[in-house]
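Chemist: Turn this into a model:
(one chain, ligands or ions: 1)
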Amino acid sequence: MTASTREILAASNVSLALGGNAALRGVSTRFETGKVSVLLGPNGAGKSSLLACLSGLRCPESGFVTLNGENVLTLARRDRARRIGLLPQAPEIHWDIDVMTLVSLGRLPHRGRGGETNEDREAIAQAMLATDVAKLSTRTARQLSGGERARVLLARVLAGKPQWLLADEPLANLDPAHQLDVLEQLCRIARQGVGVVLVLHDLSFAARIADFVVLLHEGQVLSSGSRHQVLHPEPIREAFGIDAHFGMVGDANPYVVPLRRYRK
Ligand SMILES: Nc1ncnc2c1ncn2[C@@H]1O[C@H](COP(=O)(O)OP(=O)(O)OP(=O)(O)O)[C@@H](O)[C@H]1O
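Modeler: Model prediction:
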């Protein structure tokens with residue numbers, strides 16, 4: 001991808017109410033391809049709601065989301081599905097399906113009438129390798145452990161090779177080795193030009209990989225910018241109500257340890 005093909009996914013003054021709750025209140029922010037962006041915030045802050053609006057899954061009450069200036073809701077569904085891959089939070093698998101078939105569903109937006117192509121097969125194999133699920137390919141997806149299922153569902157999204165990957169807590173349920181593997185894959189595809197937008201709860205992983213951070217609180221953007229600007233005692237205290245210790249292991253591994261609840 002060259003600078004001229006850079007894409008921007010932008011939320012402009014987005015508000016969303018869910019069941020009478022104000023999930024988002026006038027959120028404006030923008031994301032770029034080629035970067036890892038991380039949404040942070042306490043439970044109920046609006047992170048999943050923002051991903052749902054960015055992906056076109058939910059329609060804001062007011063405001064809008066644009067992809068390169070075009071409203072995501074006006075994109076043809078198939079075009080949107082090709083360009084934006086969404087991994088929702090803790091998705092369920094509702095039917096008996098083997099892992100290989102489930103991952104191959106990620107290619108559906110690309111399928112023509114001729115059935116599976118070599119390109120499809122290659123994308124599926126790459127995605128299964130990247131998430132370390134090849135050895136599970138004949139297993140029934142519903143019988144997998146939580147972490148195995150999470151990796152298979154990420155493989156399905158990766159198989160679609162979207163220009164944008166929006167993932168809601170992609171590290172939840174993963175063991176530390178697979179957390180590191182998945183983070184490395186996500187950073188790698190960002191370097192290749194994909195726009196990666198992640199919801200994370202782990203502040204240390206966010207500090208390690210984020211090019212851009214949006215900190216949400218009560219449906220609003222409390223702070224956004226580089227990890228150095230946002231992963232800072234003041235905004236973290238205000239958003240989460242905690243004091244935290246910020247440190248470094250070597251030159252490249254920042255960490256954040258929540259210490260105690262902040263009491264005024
Ligand atoms: N289906 C729904 N019906 C009613 N209210 C909802 C629904 N989904 C979310 N909400 C509310 O909208 C607000 C934002 O929820 P959202 O799931 O976006 O938060 P979040 O930041 O992703 O939280 P978490 O970290 O717990 O996943 C919360 O107050 C939540 O209770």
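Chemist: From now on I want contacts and neighbour counts done on CA atoms only, so please keep to that.
Modeler: OK.
Chemist: Which parts of the stretch 51-200 of the chain are helices?
Modeler: Taking DSSP state H, counting those that start in this stretch to define them, one finds helices in the stretch 51-200 of the chain at 77-83, 99-104, 118-130, 146-159, 176-191.
Chemist: for these, which one ends up most surrounded?
Modeler: The highest mean neighbour count among these, using mean count of other CA atoms under 10 Å, belongs to helix 146-159: a mean of 24.
Chemist: contacting residues around that helix?
Modeler: With CA atoms under 8 Å, 6 or more residues apart in numbering as the test, helix 146-159 has contacts from 85-87, 90, 99, 102-107, 120, 123-124, 126-128, 130-133, 141-142, 165, 170, 172-175.
Chemist: tell me the contacts of residue 81?
Modeler: Here residue 81 is in contact with 109, 162 (criterion: CA under 8 Å, 6+ apart).
Chemist: State the distance from it to the ligand.
Modeler: Distance of residue 81 to the ligand, given as CA to the nearest ligand atom, to the nearest Å: 21 Å.
Chemist: Give the full set of residues in contact with the closest residue to residue 11 other than its chain neighbours.
Modeler: The shortest distance from residue 11 to any non-neighbouring residue, by CA to CA, 6 or more residues apart in numbering, is to residue 65 (4.5 Å). Residue 65 is in contact with 9, 10, 11, 12, 14, 53, 54, 56, 71, 72, 73, counting by CA under 8 Å, 6+ apart.
Chemist: Nearest to the ligand within the stretch 151-264 of the chain, name that residue for me.
Modeler: Nearest to the ligand, among the residues of the stretch 151-264 of the chain, is residue 219, at 6.8 Å (CA to the nearest ligand atom).
Chemist: can you tell me which residues contact that residue?
Modeler: By CA under 8 Å, 6+ apart, the neighbours of residue 219 are 22, 23, 24, 25, 26, 27, 44, 45, 46.
Chemist: Does residue 25 touch residue 220 like I think?
Modeler: Yes - using CA atoms under 8 Å, residue 25 is in contact with residue 220, at 5.5 Å.
Chemist: Would you mind telling me which of these two has more residues around it?
Modeler: Higher neighbour count among residue 25 and residue 220: residue 220, with 23 against 20, using other CA atoms under 10 Å.
Chemist: And the more buried one, how far from residue 55?
Modeler: 18 Å (CA to CA, to the nearest Å).
Chemist: contacting residues for the most centrally placed residue in the chain?
Modeler: Centroid-nearest residue in the chain, with CA atoms, centre = their mean: residue 167, separated by 2.2 Å. Residue 167 is in contact with 51, 86, 87, 88, 89, 196, 197, 198, 199, counting by CA under 8 Å, 6+ apart.
Chemist: So how do I select the buried members of those residues in ChimeraX?
Modeler: Burial among these is assessed by 16 or more other CA atoms under 10 Å; the matching ChimeraX selection reads:
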select :51,86,87,88,196,197,198,199
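Chemist: out of the contacts of residue 167, which one sits closest to residue 212?
Modeler: residue 197 (9.3 Å; CA to CA).
Chemist: who does the closest one bridge with?
Modeler: Residue 197 has these beta-bridge partners by DSSP bridges: residue 37, residue 166.
Chemist: Wait, it touches residue 38, no?
Modeler: Yes - counting by CA under 8 Å, residue 38 is a contact partner of residue 197 at 5.7 Å.
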